[in-house]
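K.L.:
the sequence and its predicted three-dimensional model are supplied below.
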Amino acid sequence: MNSILLEFAMFPTDKGDSVSPYVSRIIKMIDESGFSYQLTPMGTIIETETIDDALALVKKAYEVLEKDCERVYASLKFDIRKAPMGRLQKKVQSIEEKIGQVNKSC
């Protein structure tokens, strides 16, 4: 089993300073996809079992914007591991546990 973590940002560059109306359309599509995701101030992290699923979401994100955006910026980072799904939460929990251990020893 694979766990594909994809952190990506995608937004139009021709729509002024605030692009949140466009980004929210992408997040709605991701939410409706059923894949686990985490929205951050600088991008969105999704977890899929295959790279094809991750890339399909990127393609759909572009399709959400292409109809009314002339220029779209995208940045992608992958963490591909042969591991069970659930790393989206487990990686954060691991750090939080370690922070708790450090705080207890101080």
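P.N.:
Yes, it's here. Because the structure is predicted, anything quoted here is derived from the model rather than measured.

K.L.:
switch to C-alpha atoms for all contacts and neighbour counts from now on
P.N.:
Noted.

K.L.:
would you map the strands across this protein?
P.N.:
All strands of the chain, identified by DSSP state E, fall at 3-12, 36-40, 43-48, 72-81.

K.L.:
got a pLDDT number for residue 79?
P.N.:
pLDDT for residue 79: 96.

K.L.:
if we can go back for a sec, how about the strands of the chain in CSV, adding mean neighbour count and distance to residue 63?
P.N.:
Listed next are these as CSV, based on neighbours: other C-alpha atoms under 10 Å; distance: least, C-alpha to C-alpha, whole Å:
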stretch, mean neighbour count, distance to residue 63
strand 3-12, 22, 11
strand 36-40, 14, 19
strand 43-48, 20, 17
strand 72-81, 13, 11
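
K.L.:
distance check, residue 97 against residue 91.
P.N.:
According to C-alpha to C-alpha, to the nearest Å, residue 97 stands 10 Å off from residue 91.

K.L.:
residue contacts, the residue nearest the centre of the chain?
P.N.:
With distances taken as C-alpha atoms, centre = their mean, residue 45 lies nearest the centre of the chain, 2.2 Å away. Contacts for residue 45 were tallied using C-alpha atoms under 8 Å, 6 or more residues apart in numbering; they are 5, 6, 7, 8, 37, 38, 39, 88.

K.L.:
point out the least confident one among these.
P.N.:
Within those, lowest confidence goes to residue 88 (90).

K.L.:
grab the nearest non-local neighbour of residue 2.
P.N.:
residue 82 (4.4 Å; C-alpha to C-alpha, 6 or more residues apart in numbering).

K.L.:
my bad, should have said residue 83
P.N.:
That would be residue 2: by C-alpha to C-alpha, 6+ apart, it lies 5.2 Å from residue 83.

K.L.:
contacting residues around that neighbour?
P.N.:
49, 50, 80, 81, 82, 83, 84, 85.

K.L.:
now the two most distant members of the contacts of residue 45.
P.N.:
Largest separation among those by C-alpha to C-alpha: 8 and 88, giving 13.9 Å.
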